[in-house]
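> Give me a 3D structure for the following:
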Amino acid sequence: MLLTGCDKTKPYDITVAPSQAHFIGNKNQSYEAITSPAPIYYIEIGTTDVSSSDRTVTYKVNSGNAVNGTHFNIEGNTSNSGTVTIKANQATAKIGITAVASFYTDQTTGIGTGRKDTLVFTLSEPSVPSAGFMDTVKLVIKGACFEGNVNLND
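So this is what the prediction gives:
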């Protein structure tokens, strides 16, 4: 006869998973810049744990033909890379983006200009390491969806 068990008086090793960063929400997001000034759009970043100290997450933005400071603005950032701080005892932080609405919607008529830009946010080093999932988010900035005249008689 063989019996197995554990000794409750002996401490056992506990493995703690490392802290990792990831984006929260949909991988593809849409931001309509209709009114001027356009409302702030937030992209959320989270971590897999909570820490008793502040942590910094670094990100890069590939903006294609759109220019930060001309077509859109990222809070506290004038280039296509930046950082966001996840405060102590919290697991999330937000990156605020504001589109310059006049590039996307004619402010006189309310009709979209046809311009559409895609900002691709990716996590980068040095930072809280990437979790390997949700490490990229695409944000499409566009104007009003309808681009045409409405004939109420039709």
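
> low-confidence ranges in the protein?
For the chain, the stretches with pLDDT under 70 are 1-6, 146-154.

> any idea which residue sits dead centre in it?
Centroid check for the chain by C-alpha atoms, centre = their mean gives Ile43 as the closest residue, at 2.8 Å.

> Which residue comes closest to that residue once chain neighbours are left out?
Once flanking residues are discounted, Ile43 sits nearest to Ile95: 4.7 Å by C-beta to C-beta, 6 or more residues apart in numbering. Where C-beta positions appear, they are placed from N, C-alpha and C, glycine not excepted.

> Helices along the protein, start to end?
Taking DSSP state H to define them, one finds no helices in the chain.

> what are the ranges of the strands in it?
Assigned strands in the chain, in chain order: 21-24, 28-32, 41-47, 55-62, 72-74, 81-86, 92-99, 116-124, 136-142 (criterion: DSSP state E).

> Distance to Pro11 added to those strands, as a markdown table?
Formatted as a markdown table, the strands of the chain follow (distance: least, C-beta to C-beta, whole Å):
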| stretch | distance to Pro11 |
| --- | --- |
| strand 21-24 | 31 |
| strand 28-32 | 46 |
| strand 41-47 | 28 |
| strand 55-62 | 29 |
| strand 72-74 | 47 |
| strand 81-86 | 31 |
| strand 92-99 | 33 |
| strand 116-124 | 36 |
| strand 136-142 | 41 |
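
> Pull the number of nearby residues for the closest residue in space to Ala99 that isn't next to it in sequence.
Nearest non-adjacent residue to Ala99, counting by C-beta to C-beta, 6+ apart: Ala33, 3.6 Å away. Counted by other C-beta atoms under 10 Å, the residues lying close to Ala33 total 28.

> Report the contact partners of Ser52.
Ala88, Asn89 (C-beta atoms under 8 Å, 6 or more residues apart in numbering).
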